[in-house]
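A.B. asks: got a predicted model here, sequence first, then my questions.
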Amino acid sequence: MTGDTKRRESANRTVELQTCDRLRLSVLACALLAATHRAGPCDWRIRAGIEAAAEPAEPSPASCAARPRACGAGNPRAGTRIGPAENVSVCVPVIETPEHVAAAELATRELNAPYLTAIMEGRYLESFLAAAGADAPKVAAEDMNAIGTPVDFVGLNVYLPGHYVSASDAAPGFVSVPFPAKYPMMNSSWLKIGPEALYWGPRNVAKVWHVRDIYITENGCSATDVPAADGLVYDTDRIMFLRSYLMHLQRATSEGVPVRGYFHWSLMDNFEWADGFGTRFGVFYVDYATQQRTPKLSASFYREVAARNRLV
């Protein structure tokens with residue numbers, strides 16, 4: 001399994017996190033409150049999340065104004081909002097200086113050319129087509145119009161930094177810095193730990209394409225998750241991961257990056273594509289032989305984040 005091939009269905013209901021930026025967490029938070037027998041104001045939060053998500057958004061300039069259809073005009077049902085959930089290649093500046101930040105923005109557009117750039121701009125970049133050569137996609141004009149149909153929001157699946165980027169005087173204006181051999185990883189061969197990805201991912205997408213509504217449609221991590229003698233899973237590594245990533249997401253929203261919701265992957269351990277049952281992403285431990293579900297320590301952490309409306 002690779003990060004580029006992870007395609008999953010995210011939860012379709014949200015819980016509102018009452019911070020100043022009104023970020024929403026997934027319905028998982030309510031499941032945790034119920035599962036751990038803690039009272040919490042879930043019902044109204046779910047309703048508020050659903051109602052807010054159904055409100056039509058003002059079209060963003062890059063995704064709508066420059067192209068034929070106004071956002072929502074062709075939706076099959078009034079109030080329906082449509083957007084992708086893309087495994088974006090997150091480009092992080094090696095150091096947060098103006099030249100490296102500008103290089104990361106440029107790289108975001110160039111290194112996402114096959115998918116997100118094509119969707120947002122309604123065309124393939126010439127640089128991408130030239131690099132692909134004989135393998136370049138051959139797309140009819142009507143197909144490109146469909147690919148470039150304006151979207152109402154952009155969903156981002158963010159797990160790791162795809163590239164650390166440094167400014168360069170040579171074309172294309174940036175270089176990707178190689179990852180060291182001992183770069184820290186979670187319990188998957190592809191899952192590099194880079195909490196800043198949850199800041200730079202949505203920040204760059206909003207800046208490059210003037211997106212006004214962004215959802216983090218996937219974020220989470222695998223861990224070894226071995227039950228202790230008392231039967232519980234003390235996944236402090238997952239808590240470290242979530243706390244660090246959410247801190248950077250909080251930075252993004254506090255700076256005005258329009259992230260409207262966050263969906264954690266995942267509620268329960270499950271069949272993880274090519275890894276099968278060999279890796280565990282859930283905050284609930286599943287005994288596959290008995291189907292018994294047990295909340296991990298990270299479930300309590302996530303419950304508290306939702307209940308207190310802040311990082312803990």
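C.D. replies: Done, it's in.

A.B. asks: what residue ranges in the protein score low on pLDDT?
C.D. replies: Low-confidence segments of the chain (pLDDT under 70): 1-76.

A.B. asks: and the strands in it, which stretches?
C.D. replies: Along the chain, counting by DSSP state E, strands occupy 14-16, 24-26, 85-86, 91-93, 154-157, 163-167, 174-177, 214-218, 259-262, 284-286, 293-295.

A.B. asks: and the fourth one, how far out from the chain middle?
C.D. replies: Taking C-alpha atoms, centre = their mean, to the nearest Å, one finds the center of strand 91-93 at 15 Å from the center of the full chain.

A.B. asks: same question, the fifth one
C.D. replies: For strand 154-157, the gap between its own C-alpha mean and the chain's C-alpha mean amounts to 5 Å (C-alpha atoms, centre = their mean).

A.B. asks: same question for stretch 262-276.
C.D. replies: Distance, centroid of stretch 262-276 to centroid of chain: 14 Å (C-alpha atoms, centre = their mean).

A.B. asks: which stretches in the stretch 151-300 of the chain count as helices?
C.D. replies: Here the stretch 151-300 of the chain has its helices, by DSSP state H, counting those that start in this stretch, at 197-209, 236-254, 297-308.

A.B. asks: comparing these, which stretch has the densest surroundings?
C.D. replies: Stretch with highest mean neighbour count among the helices of the stretch 151-300 of the chain: helix 197-209 (a mean of 24; mean count of other C-beta atoms under 10 Å). The way it works is simple: take the backbone N, C-alpha and C, and place the C-beta from them, glycine included.

A.B. asks: quick one, that helix and strand 163-167 angle?
C.D. replies: Counting by axes from the mean of the first three to the mean of the last three C-alpha atoms, to 10 degrees, helix 197-209 lies at 50 degrees to strand 163-167.

A.B. asks: can you tell me what sits against helix 197-209?
C.D. replies: Residues outside helix 197-209 that contact it (C-beta atoms under 8 Å, 6 or more residues apart in numbering): 60, 62-63, 88, 90-93, 104-105, 108-109, 116, 120-121, 154, 156, 158-162, 211-212, 214, 216, 219, 245-246, 248-249, 251-252, 255, 257-259.

A.B. asks: write the PyMOL selection for whichever of these are buried.
C.D. replies: Applying 16 or more other C-beta atoms under 10 Å to the contacts of helix 197-209, the buried members can be selected in PyMOL as follows:
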select buried, resi 60+62+63+88+90+91+92+93+104+105+108+109+116+120+121+154+156+158+159+160+161+162+211+212+214+216+219+245+246+248+249+252+257+258+259
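
A.B. asks: now the end-to-end length of stretch 142-162.
C.D. replies: Distance between the two ends of stretch 142-162: 32 Å, counting by C-alpha to C-alpha, to the nearest Å.

A.B. asks: same check, this time on stretch 109-116
C.D. replies: End to end - C-alpha to C-alpha - stretch 109-116 spans 8 Å.
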